[in-house]
Structure formats: C-alpha cells, structure tokens
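Undergrad: structure of the sequence below:
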Amino acid sequence: MGGRLGYVLFYNLSWFLEHPAEIIATWHGGMSFHGGTAGALAAGYCYCRRHGTEFLKWADRFAVTAPVGLGFGRLGNFINGELYGRVTDVPWAMIFPFSDGMPRHPSQLYEAFLEGMLLFAILWPVRRKKWPAGRKTALFLMGYSACRITVEFFREPDRQLGFVLGNWITMGQLLSATFMAAGAMLWAVAGHGTRTSS
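TA: The predicted structure follows:
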C-alpha cells in the first residue's frame, strides 16, 4: 500500500485524481520505493506498539538485510527492461526493448550494485555491533539515499514528471534527500539513547 500510495502522491497525482479507479490498478505498474519504505516503517511501528516490543530494535534487524531485496529488485527491473537510464555513448550502453531505440545507461545494474551489493557490504558487518537502537536503520536510510541520489544522475527521469527542480533534480533525488535528512536525525537522536540493538 505504501509503495502504491507513494507513487500516486509523488509521481502522478494529477492523473490519478482524474482517474481514481486506477489507484488500485497495481497491475498497470507504478510503485514507489520511498512510499513502500514509509509504509513498512509505519506498519512495523504499529505492530510493535500493539505487541509491546521495541520498534527500533526490530527495524535495525530488518535494515541490515534490506539491500538483498533491493539488489534483486533492481535486477528484476533490468530483466523487465524498465526504469532504464539516460541516453549515452559509453561502450556498455544498451538498447532496451520498450525504449525509443537509443543506447542508454543500464542504470538498473548500477542500482543493483550500489543499493544491493555495496549497501549490504556496509550494513552486514555492523549487524552485531552494540549500537544504540535505531542507528543501523539510520545508516540504511542515509546509505540508500546516497546511492539513489548518485544513480539518478544516470537514470531517465519519469516521463510524466521530468526534472522537478531546475534541469537536473529528479523526484527520486528529492525524496532521497528527505530520507537522508530523516536518517541523519535518527542517527543523532539514537545516539542519546542507552538501549542497544544486536
């Protein structure tokens, strides 16, 4: 739900307001990672509160393995020929079957490497560290955001949006900057706590 609502709100709100029945038509595509993450965190918080368990400790446990799913998800984007990169003349450029026939960056593979392999390599070694609860989640949010902001310079902006600020800032970068700030705030706040996660 979070992924779909995030897409509706941030990527194509005016169209969905005119076609509200399409909001539930997930088979037509359209999901947002940022919305999905926000939805998962909200659901996790509600669940933990209802069952009297510590949300940040559980969030930390999931955060360190999340890059695995992200990496495979980006490989799925590559296999489906979706969310491809910008036009380029680099030697490894590819022509995707549903594009305009121009050679483009295989940005899905860049994302699979950065958001999947690299982020996992950063987070997995800290899984057993006795950090204040919430800091591993904060590191995930900041790490993911840094990777996503970088890759967005190679990824084709969403057709219905284009660039949202100037001629170079995309919606993905804007949302990632918000996640980066949230991660930095959580890192700072968690540092004042005494409880640790493992």
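
Undergrad: quick check: domain ranges of this structure?
TA: 1-53, 54-197 (automatic domain parsing).

Undergrad: mean neighbour count and mean pLDDT added to those domains, as JSON lines?
TA: Glycine gets a C-beta too; all of them are placed from N, C-alpha and C. Compiled in JSON lines, the domains of the chain are given as follows (neighbours: other C-beta atoms under 10 Å; pLDDT from 0 to 100):
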{"stretch": "domain 1-53", "mean neighbour count": "14", "mean pLDDT": "92"}
{"stretch": "domain 54-197", "mean neighbour count": "17", "mean pLDDT": "94"}
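
Undergrad: show me what whatever helix or strand A43 lives in packs onto, helices and strands only.
TA: Using DSSP states H and E, A43 sits in helix 33-51. Under the contact criterion of 3 or more C-beta pairs under 8 Å, 6 or more residues apart in numbering; DSSP states H and E, helix 33-51 touches helix 2-11, helix 55-63, helix 171-190.

Undergrad: show me what the last one packs onto, helices and strands only.
TA: Using 3+ C-beta pairs under 8 Å, 6+ apart, the elements in contact with helix 171-190 are helix 2-11, helix 33-51, helix 135-151.

Undergrad: show me what contacts the residue positioned nearest the centre of the chain?
TA: Nearest to the mean C-alpha position of the chain, by C-alpha atoms, centre = their mean, lies F33 at 4.2 Å. Residues in contact with F33 (C-beta atoms under 8 Å, 6 or more residues apart in numbering) are 3, 6, 70, 148.

Undergrad: correct me, but the third one touches L114?
TA: No: judged on C-beta atoms under 8 Å, L70 makes no contact with L114 at a distance of 9.3 Å.

Undergrad: so how far is R74 from the closest residue to V87 other than its chain neighbours?
TA: Using C-beta to C-beta, 6 or more residues apart in numbering and skipping residues adjacent in sequence, the residue nearest V87 is M102, 4.7 Å away. Distance from M102 to R74, counting by C-beta to C-beta, to the nearest Å: 21 Å.

Undergrad: kindly report the same for T150.
TA: Distance from T150 to R74, by C-beta to C-beta: 14 Å.

Undergrad: what of G191?
TA: 31 Å.

Undergrad: need the contact list for M142.
TA: Neighbours of M142 in contact, by C-beta under 8 Å, 6+ apart: 179-180, 183-184, 187.

Undergrad: again with T178
TA: H34.

Undergrad: repeat for L9
TA: Neighbours of L9 in contact, by C-beta under 8 Å, 6+ apart: G35.
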